[in-house]
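Trainee: Mind looking at a prediction? Sequence and model below.
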Amino acid sequence: QLQLVESGGGLVQPGGSLRLSCAVSGPTSDQHAIGWYRQVPGKPREGLVCISSNGRSTEYADSARGRFTISRDNTKDTNMVYLQMNSLELEDTARYYCAGRRAFYCSLGQDQSYWGQGTQVTVSS
């Protein structure tokens, strides 16, 4: 079993930055690849970026490449996965989720085994 808890969302102006955090806990947390997703009401959930269980391999969607950076810290029992978001745009307003599955390599597919509750990011002037 894996528990995922997101934090760090909030209100930011266009062009600003935010860092989201995902606390990943469970006895096999370091055996799970983790991804970040976002969803706007009425639209499909979008996979943005993911990271392998050991943090050495990543995959970015076109919408995230260049502005978003994922990283991972497995040094503690509760692993942390971060999403650094820069040059935020109005279109980045969404609820952001982290999700995981027990695998070495990550995937941006929707078939993740575990999901957090999400954190709201609002980009507005």
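Mentor: Happy to help now that I have it.
Trainee: can we go C-alpha only for contacts and neighbour counts from here?
Mentor: Noted.
Trainee: what mean pLDDT does stretch 81-89 have?
Mentor: Throughout stretch 81-89, pLDDT has a mean value of 98.
Trainee: Centre of the chain to that stretch, how far?
Mentor: Computed by Cα atoms, centre = their mean, to the nearest Å, the separation of stretch 81-89 from the middle of its chain amounts to 9 Å.
Trainee: Equivalent analysis for stretch 97-108, please.
Mentor: Its chain's average C-alpha position is 10 Å from that of stretch 97-108, according to Cα atoms, centre = their mean.
Trainee: Also stretch 37-49?
Mentor: 11 Å.
Trainee: do stretch 96-107 as well
Mentor: 9 Å.
Trainee: Any idea what the residue nearest the centre of the chain is bridged to?
Mentor: Among the residues of the chain, the one closest to the centroid is W36, at 2.4 Å (Cα atoms, centre = their mean). Applying DSSP bridges to W36 gives these bridge partners: V49, C98.
Trainee: from what I can see it touches Y96, true?
Mentor: Yes. The criterion here is Cα atoms under 8 Å, and W36 meets it with Y96 at 6.9 Å.
Trainee: ranges for the strands of this protein?
Mentor: Listed in chain order, the strands of the chain (DSSP state E) span 3-7, 10-12, 18-25, 32-39, 46-51, 58-60, 68-73, 79-85, 94-102, 114-115, 119-123.
Trainee: Quick one: closest of those strands to L108.
Mentor: For those, the distance to L108 is smallest for strand 46-51, at 5.1 Å, taking Cα to Cα.
Trainee: Pull the residues that contact that closest one.
Mentor: With contacts defined as Cα atoms under 8 Å, 6 or more residues apart in numbering, strand 46-51 is touched by 33-39, 57-64, 70-72, 105-110.
Trainee: from the chain's centre, how far out does it sit?
Mentor: Put simply, strand 46-51 sits 6 Å off its chain's centre (Cα atoms, centre = their mean).
Trainee: now stretch 72-88
Mentor: Relative to the centre of its chain, stretch 72-88 is centred 8 Å away, using Cα atoms, centre = their mean.
Trainee: just stretch 7-22 next, same as before
Mentor: Distance, stretch centre to chain centre, for stretch 7-22: 12 Å (Cα atoms, centre = their mean).
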